[in-house]
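Colleague: Just the structure for this:
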Amino acid sequence: MQVKKLTIPDITQRKLHGPPISTLTAYDYPWARLMDQAGIDVILVGDSLGMVVLGYSGTVSVTMDEMLHHSKAVARGVERALIVTDMPFGSYNCSHAEAIANANRLLKEGGADAVKLEGGTEMAKVAAAIVAAGVPVQGHVGLTPQTAGSLGGFRVQGRESRAAKKLYDDALAMEDAGCFSVVLEAIPAPLAAHITKRLSIPTIGIGAGPHCDGQVLVMHDLLGLYDRFIPKFVKQYAQLSQISLEALTAYKNEVEQGLFPAEEYSFGMKEEELDKLLKELGG
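Modeller: Coordinates of the predicted model:
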């Protein structure tokens, strides 16, 4: 049976009609397939891959080539979900022409359905230019990992009234720029609720409380596969790192003890063929 591909209007209509939008990050073909089979609505090829897949200390080092590589892999595994790919640091903060060219590449080469960029009022014109060029854009305000250093690190944003008003304005600027949705990261739940109520486009929360129109988590956080840093807002639905470590250790031990591969994991030969071989070998 042919699966119906989700579209931008399908996602935006969830604002009014529900259910809440489920979003997860994916970086390769097998996990993208599993998420698609689970019915995840939006798969984000996040530049968080720099930390959880490539071992970088942050997201700034991630390149366009790396984003394209992983976006292609995800696209090959998805039939239903909407694919949103992050624009990496340096790919959209130079000129509008360069930003549009890079956004085009993520759709044409990377197989994405839309792109995501970080920033509020200061990036609204860039977002608007990309939208005007025909590329759907998801905004991202609050804690913006690409510029976390200037925000005081990975910490909650908008706790004071003045900072909260700035984030409120940032979200409105992304809507005015034509974004089809906006990610709200690491902001107080009451602020996220007010932004969600004010915007006509869906809000996708990550550490922004329960009142957003959808939620997103990093896959490696959700599955317990990344232990360098676990944000407070992450619920771990599994501890696959421990299960994986136990399996890898068991394999190592069985190899060293000569227990693997046992006969059931080996291939045989017909006796007459083995006899012919032995004669040819002089055995």
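Colleague: Only C-alpha atoms from now on, for both contacts and neighbour counts.
Modeller: OK.
Colleague: After the helix or strand hosting Gly50, heading C-terminal, what element do we hit next?
Modeller: Element membership for Gly50, per DSSP states H and E: helix 49-52. Counting by DSSP H and E, the element after helix 49-52 in chain order, helix or strand, is helix 64-77.
Colleague: just checking, what packs against the helix or strand following that next one?
Modeller: Per DSSP H and E, the first helix or strand lying C-terminal to helix 64-77 is strand 82-86. Counting contacts by 3 or more C-alpha pairs under 8 Å, 6 or more residues apart in numbering; DSSP states H and E, strand 82-86 is packed against strand 42-45, helix 64-77, strand 114-116.
Colleague: so where is the chain shaky, pLDDT-wise?
Modeller: Counting by pLDDT under 70, the chain shows low-confidence ranges at 1, 283.
Colleague: Do you have the helices of it handy? List them.
Modeller: 8-12, 14-17, 29-38, 49-52, 64-77, 96-108, 124-132, 161-176, 189-198, 219-222, 240-256, 271-280 (DSSP state H).
Colleague: can you redo those as JSON lines with mean neighbour count?
Modeller: Formatted as JSON lines, the helices of the chain follow (neighbours: other C-alpha atoms under 10 Å):
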{"stretch": "helix 8-12", "mean neighbour count": "15"}
{"stretch": "helix 14-17", "mean neighbour count": "14"}
{"stretch": "helix 29-38", "mean neighbour count": "17"}
{"stretch": "helix 49-52", "mean neighbour count": "20"}
{"stretch": "helix 64-77", "mean neighbour count": "20"}
{"stretch": "helix 96-108", "mean neighbour count": "19"}
{"stretch": "helix 124-132", "mean neighbour count": "22"}
{"stretch": "helix 161-176", "mean neighbour count": "20"}
{"stretch": "helix 189-198", "mean neighbour count": "18"}
{"stretch": "helix 219-222", "mean neighbour count": "21"}
{"stretch": "helix 240-256", "mean neighbour count": "12"}
{"stretch": "helix 271-280", "mean neighbour count": "11"}
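Colleague: returning to what we had before: closest to Ser181 out of the helices and strands packed on strand 82-86?
Modeller: strand 114-116 (9.4 Å; C-alpha to C-alpha).
Colleague: Tell me which other helices or strands the closest one touches.
Modeller: Strand 114-116 packs on strand 82-86, helix 96-108, strand 137-142, going by 3+ C-alpha pairs under 8 Å, 6+ apart.
Colleague: ok, the spatially closest residue to Asn104 that is not a sequence neighbour to Val126 distance?
Modeller: Closest residue to Asn104 apart from its sequence neighbours, by C-alpha to C-alpha, 6 or more residues apart in numbering: Val135 at 7.0 Å. Distance of Val135 to Val126, given as C-alpha to C-alpha, to the nearest Å: 12 Å.
Colleague: for Pro30, same thing?
Modeller: Distance from Pro30 to Val126, by C-alpha to C-alpha: 33 Å.
Colleague: now swap in Lys279 and tell me
Modeller: In this view, Lys279 and Val126 are 75 Å apart by C-alpha to C-alpha.
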